[in-house]
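J.: For reference, the sequence and a predicted model appear below.
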Amino acid sequence: MEHSHLIKPLLDGVYPTIAYGKGVYLFDTNEKDYIDGSSGAVTASIGHGVPEIIEALYEQAKRISFVYRAQFTSEPAELLAKKLSEITKGDVNWAFFVNSGSEATETAMKIAIQHWQEQGIYTKNKIISRWISYHGITLGALSMSGHVGRRERFVPLLEDFPSVSAPYCYRCPYNDTYPSCNLLCALELEREIKRIGKKYIAAFIAEPIIGAAGGAIDPPRGYYEKIKEICEKNDVLFIADEVMTGIGRTGKMLAMENWNVAPDIVALGKGMTAGYTPMAATLVSDKVMAPILKGSKIIMSGHTYSANPQSAAVSLAVISYIEKKDLLKQAEQIGDYLRTQLLTLAKDYPMIGDVRGKGLLLGIEFVEDQQQKRPFPKQFKVTTLIIQKCMEKGLLVYPANSGDEGVGGDAIIISPPLVITKKEVDELIIRLKSALTEVNKELN
Ligand code: PLP
């Protein structure tokens, strides 16, 4: 092939050329098939080539593809904002549309700070996040992210935001056990707010289930209830970063419904359009909007492509597809089936240390020693090896290790489209088994 001019994630990496996709399968230009076991980057949640979505995109394109949001609103953008307010519980009734998850969390940060400014409080500028987290790649979003690998090159440019430990029970930051730990990791938030002073803290941000930095780390019961209580008590807004978990991935429209906790601000992305076009959103509660509506009445943010009518039409079609096909139930049921298969696999593959997550957002952490939970030495690059072997076998999985101080070692996310069938899960497991067998051989 002629020299490529495209900058790829790894400049010396080998990337097959995609030809087309159908359902949970992708086909490259050599007609090799891949099961999309990760929905790309946990994005293609209803599978590839769905006619209803392509139709919606085409119909909208025939009418209007682009308008500038400061000159016009559009029917699909209005309908989508209304639909999102209906599917979010509590008083989250406002939507600000952006184009990527990073923009959604960064906008959430800005709106949280503005919320306090509009009340004459100019000191509440810091956002607390968790160490082991990923909220995006732009500098504001990265400042809120506990992901060593993605931060280290830019640390001098980042805001020095505070962070607290993640609710990572497999390797408890307190070396304790749930429930006798009394949720020390949640209580740490209160200690951190006190240490810095609540007059400086605008918000706390968390992914309901930690994705890219942790491999689907889900918290113990009671964790978010405690977090919400601490936030409310200390006048700290609670931002749920549902970029990865939102719109059905965990078997609920929003993952926070799993704990019945209502956030003040929600960031959405990925599954919102299931990858058919780029779109993301920052959803804001009446409570957060009230002083802004009374005050300046303007959110000082936005992008040329914000609220793009084509993407809004796609997102409406994706949400309607999820509802019509009952994919929330499907995510829960097939998720349980997939989890059971992965747990069975752990009996034959001692390198599987932990299987975790919710619905169809599942993670596996790999260890050298199952009993001791000892991670593989870093130089073995086990995650990379697993990703490569899976790819060779025709299976896509998503890497989730965040560097030296992230998860204990190596982890992947398995998050196929919500439409995956039992038969396709069985095929996914066959391919995963075959990849792990080879990885085992290479490591021994
Ligand atoms: N927030 C979470 C939880 C994510 O998983 C991601 C991406 O992986 C982002 C934010 C950033 O989204 P994007 O890559 O669309 O900028």
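T.: Ah, there it is.

J.: Count the neighbours of the residue of the stretch 251-400 of the chain found nearest the ligand for me.
T.: Nearest residue of the stretch 251-400 of the chain to the ligand, counting by CB to the nearest ligand atom: residue 269, 4.7 Å away. Placement of C-beta: from N, CA and C, glycine included. Using other CB atoms under 10 Å, residue 269 has 29 other residues around it.

J.: my guess is it meets residue 106, correct?
T.: No - the pair residue 269 / residue 106 is not scored as a contact, 11.6 Å apart, by CB atoms under 8 Å.

J.: pLDDT weak spots in the stretch 51-200 of the chain?
T.: Scanning the stretch 51-200 of the chain for pLDDT under 70 picks out no residues.

J.: Around the ligand, which positions in it sit nearby?
T.: Residues of the stretch 51-200 of the chain found near the ligand (CB under 6 Å from any ligand atom) are 100, 101, 102, 105, 134, 135, 136, 137.

J.: Now the two most distant members of those.
T.: 100 and 134 (13.0 Å; CB to CB).

J.: So between the two, which is more surrounded?
T.: In this view residue 100 and residue 134 are compared by other CB under 10 Å, and residue 134 has more residues nearby, 30 against 20.

J.: mind checking the SS state of that one?
T.: At residue 134, secondary structure determined by DSSP: H, G, I helix; E, B strand; the rest coil is coil.

J.: ok, it - contacts?
T.: Applying CB atoms under 8 Å, 6 or more residues apart in numbering to residue 134 gives the contacts 145, 146, 147, 150, 207, 210, 211, 212, 213, 402.

J.: so the fifth one sits right up against residue 250, yeah?
T.: Yep, that's residue 207 we're talking about. No - judged on CB under 8 Å, residue 207 makes no contact with residue 250 at a distance of 11.2 Å.

J.: What are the contacting residues of stretch 14-22?
T.: By CB under 8 Å, 6+ apart, stretch 14-22 touches 8, 26-32, 36, 44, 47-49.

J.: Tell me how far that stretch lies from the chain's centre.
T.: 23 Å (CA atoms, centre = their mean, to the nearest Å).

J.: Likewise for stretch 103-113?
T.: 16 Å.

J.: Figure out the helix or strand that the residue nearest in space to the middle of the chain lives in.
T.: Nearest to the geometric centre of the chain sits residue 244, at 2.1 Å (CA atoms, centre = their mean). Following DSSP states H and E, there is no helix or strand that holds residue 244.

J.: Retrieve the pLDDT associated with it.
T.: Note for residue 244: predicted pLDDT of 98.

J.: What separation do you get for the closest residue to it other than its chain neighbours and residue 146?
T.: Among residues not flanking residue 244 along the chain, residue 211 sits closest, at 4.1 Å (CB to CB, 6 or more residues apart in numbering). According to CB to CB, to the nearest Å, residue 211 and residue 146 sit 12 Å apart.

J.: just to revisit the earlier point, got JSON lines for the contacts of stretch 14-22, with pLDDT too?
T.: Shown next, in JSON lines, are the contacts of stretch 14-22 (pLDDT from 0 to 100):
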{"residue": "8", "pLDDT": "90"}
{"residue": "26", "pLDDT": "98"}
{"residue": "27", "pLDDT": "98"}
{"residue": "28", "pLDDT": "98"}
{"residue": "29", "pLDDT": "97"}
{"residue": "30", "pLDDT": "97"}
{"residue": "31", "pLDDT": "95"}
{"residue": "32", "pLDDT": "98"}
{"residue": "36", "pLDDT": "98"}
{"residue": "44", "pLDDT": "98"}
{"residue": "47", "pLDDT": "98"}
{"residue": "48", "pLDDT": "98"}
{"residue": "49", "pLDDT": "98"}
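
J.: would a markdown table of the residues you listed with neighbour count be doable?
T.: Shown next, in a markdown table, are the contacts of stretch 14-22 (neighbours: other CB atoms under 10 Å):
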| residue | neighbour count |
| --- | --- |
| 8 | 10 |
| 26 | 22 |
| 27 | 16 |
| 28 | 15 |
| 29 | 10 |
| 30 | 8 |
| 31 | 7 |
| 32 | 13 |
| 36 | 25 |
| 44 | 27 |
| 47 | 23 |
| 48 | 23 |
| 49 | 13 |
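
J.: just curious, which of the residues you listed is nearest to the ligand?
T.: Taking CB to the nearest ligand atom as the measure, the ligand sits nearest to residue 44 out of the contacts of stretch 14-22, at 13.2 Å.

J.: Now that closest one: which helix or strand?
T.: Residue 44 belongs to no helix or strand, assigned by DSSP H and E.

J.: which residues does it contact?
T.: 21, 36, 274, 275, 417.

J.: my guess is residue 86 is in a helix, correct?
T.: Yes - assessed with three-state DSSP, residue 86 lies in a helix.

J.: quick one, helices of the stretch 301-444 of the chain?
T.: 309-324, 327-348, 382-392, 422-443 (DSSP state H, counting those that start in this stretch).

J.: how far does the second one sit from the chain's center?
T.: Relative to its chain's centre, helix 327-348 lies at 19 Å (CA atoms, centre = their mean).

J.: I'd like the average pLDDT over it.
T.: Across helix 327-348, pLDDT averages out at 98.

J.: how about that helix: buried residues?
T.: Neighbour counts over helix 327-348 (16 or more other CB atoms under 10 Å) mark 327, 328, 330, 331, 332, 334, 335, 338, 339, 341, 342, 345 as buried.
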